[in-house]
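Participant: Got a predicted structure plus its sequence, pasted below:
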Amino acid sequence: MTIEPQDNDVVSMTQDLSLIKVDTFKVSQLRQDIARRVGALSSEWLGEGANCEFLESFAGDGWRKGKIRLRLEFVPDEKPDSN
């Protein structure tokens with residue numbers, strides 16, 4: 001199960017792994033930094049997606065038209081069994 005982080009959610013991580021070089025930040029700050037780095041194309045890459053063709057290496061279905069986009073997900077650690 002993954003969770004789509006919302007703008008006011010807060011992330012805490014080691015600063016050396018952080019893209020924005022701080023250890024605690026709101027998701028909105030991370031999104032703004034990514035948008036700044038991507039520049040004028042951010043609405044496509046971070047929104048509906050940028051048009052492209054995609055060749056899946058193992059499916060063998062050939063080139064497929066579609067969109068590619070960046071998204072944030074939080075993947076919780078699995079809880080240990082309580083047996």
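Facilitator: That came through fine.

Participant: my read: residue 14 touches residue 22, true?
Facilitator: No. Using C-beta atoms under 8 Å, residue 14 is not in contact with residue 22; the gap is 10.7 Å. No exception for glycine: its C-beta is placed from N, CA and C like everyone else's.

Participant: between the two, who's got more neighbours?
Facilitator: More crowded of residue 14 and residue 22, by other C-beta atoms under 10 Å: residue 22, with 13 against 7.

Participant: ok, now which ones touch the more buried one?
Facilitator: residue 15 (C-beta atoms under 8 Å, 6 or more residues apart in numbering).

Participant: My guess is residue 54 contacts residue 62. True?
Facilitator: No. Using C-beta under 8 Å, residue 54 is not in contact with residue 62, being 10.0 Å away.

Participant: Between these two, tell me which one has more neighbours.
Facilitator: Per other C-beta under 10 Å, whichever of residue 54 and residue 62 has more neighbours is residue 54, with 13 against 9.
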